[in-house]
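In: Here's a sequence, model it:
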Amino acid sequence: MTVLLGAVATTLAVAGGVALGQIQGSDDPVLPVAVESAEPAWRDLDRARQDLKTAVAARDSVQGAISRITGELNHEMGRLDQLGNADTGRRLLESEARQLVVQEYMHGGHLEDLVFVLGVSEATDAIWRNALLSEVAEVVGGTLVATGDVPGERQRTEARIGRLRDAVPYLNDRLVDAEQSVAAAEWVVYIAEINDLADRELAANGWIEPTERHWYNLRWCESRNNYSIESSNGLFYGAYQFEPRTWRTVGGTGNPAHAPPEEQDARARLLYARRGAQPWPRDYCGRWLP
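Out: Numbering: from 1, shown residues only. Got it, this is the predicted structure:
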């Protein structure tokens, strides 16, 4: 995708995305050299919306991970308390083994994974128990020893708690990044909606779409491509020298010079789509438009 508007060009110049010519005392516009760049979808509403969906999904994934980690951490802390007593810890491990058997069996686990059930006195399905016993009897002894290793499991639980705690700050940082990405994607959709409206009104009104050269020349004439400029008489603002009342007719709020460049660009397109070059007098800067 090539660089579209002067505001984006200025931003990309810092990142190496566009090269600007040097001003050498001339009043002629200095045009950016368009290069390929991964530019936001300012003028592609479908892609902007898809990018937003992707950003939201990524944020939700991080939030889900934080929720799971928090739940696991609380669970392990509770286990650690129970493992502090040998009898309570042994009962905990036996209970967990029993639950593991059910989960593994329901999900098609191997017989080796089901061996814990053989030590559960409450089991009532004698046929199933006997069938398992005939196939995995040699593993039973080792399994029973493992489920009784309360001190060892306490050490392993402490290690798991440490790893979970270490993960929380990292995930919180990723969540901040993800939320910022969502906010940025929402902004791109907002601007893309303005440009989409401009596209439809351009088609309906039959105006010729200005090229990027047209727009750059207009901005250079009006403001020397300065998006934050305010005229000395206090009547005109921003790169396109909007009057406040004209800015409001295309959905703008506040001071046009305080709006981000991409918003000024989009609202200038919408103004042109509705009124052509009329807002910019032909005998002055309007001569740079079609």
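In: what's the spacing between residue 40 and residue 240?
Out: Applying Cβ to Cβ, to the nearest Å, the value for residue 40 to residue 240 is 20 Å. (C-beta placed from N, C-alpha, C; glycine too.)
In: do residue 89 as well
Out: 73 Å.
In: One more: residue 56?
Out: For residue 56, the distance to residue 240 - Cβ to Cβ - is 33 Å.
In: quick one, which of the two is more surrounded?
Out: Neighbour count, other Cβ atoms under 10 Å: between residue 56 and residue 240, residue 240 has more, with 25 against 15.
In: Would you mind confirming that that one is in contact with residue 226?
Out: No - with contact defined as Cβ atoms under 8 Å, residue 240 does not count as touching residue 226 (10.8 Å).
In: got any ranges where the stretch 1-150 of the chain has weak pLDDT?
Out: Scanning the stretch 1-150 of the chain for pLDDT under 70 picks out 1-38, 97-149.
In: Repeat the analysis, applying 50 as the threshold.
Out: For the stretch 1-150 of the chain, the stretches flagged by pLDDT under 50 are 1-37, 109-147.
In: what's the spacing between residue 259 and residue 69?
Out: 40 Å.
In: which one of these two has more residues nearby?
Out: Applying other Cβ under 10 Å to residue 259 and residue 69 shows that residue 259 carries more neighbours, namely 23 against 17.
In: give the contact list for the more buried one.
Out: 227, 238, 252, 267 (Cβ atoms under 8 Å, 6 or more residues apart in numbering).
In: quick check, residue 233 in a strand?
Out: No - under DSSP: H, G, I helix; E, B strand; the rest coil, residue 233 sits outside any strand and is assigned coil.
In: can you give me phi and psi for it?
Out: Dihedral pair for residue 233: phi -90, psi 0, per degrees, to the nearest 10.
In: Repeat that for residue 230.
Out: Backbone geometry at residue 230, expressed as degrees, to the nearest 10, gives phi -130, psi 130.
In: That one is in contact with residue 237, isn't it?
Out: Yes - between residue 230 and residue 237 there is a contact under Cβ under 8 Å: 5.3 Å.
In: Number of residues surrounding residue 284?
Out: Residue 284: 10 neighbours (other Cβ under 10 Å).
In: What of residue 244?
Out: As a burial measure, residue 244 scores 15 neighbours (other Cβ under 10 Å).
In: Check residue 78 too.
Out: For residue 78, using other Cβ under 10 Å, the count is 12.
In: So which bits of the one helix or strand it maps to are buried?
Out: Taking DSSP states H and E as the definition, residue 78 sits inside helix 45-83. By 16 or more other Cβ atoms under 10 Å, the buried positions in helix 45-83 come out as 45, 47-49, 51-52, 55, 58-59, 62, 66, 69, 73, 76, 79-80, 82-83.
In: So which elements touch it?
Out: Under the contact criterion of 3 or more Cβ pairs under 8 Å, 6 or more residues apart in numbering; DSSP states H and E, helix 45-83 touches helix 86-106, helix 150-205.
In: rank the ones you listed by pLDDT, which is bottom?
Out: When those are compared by mean pLDDT, helix 86-106 comes last with a mean of 70.
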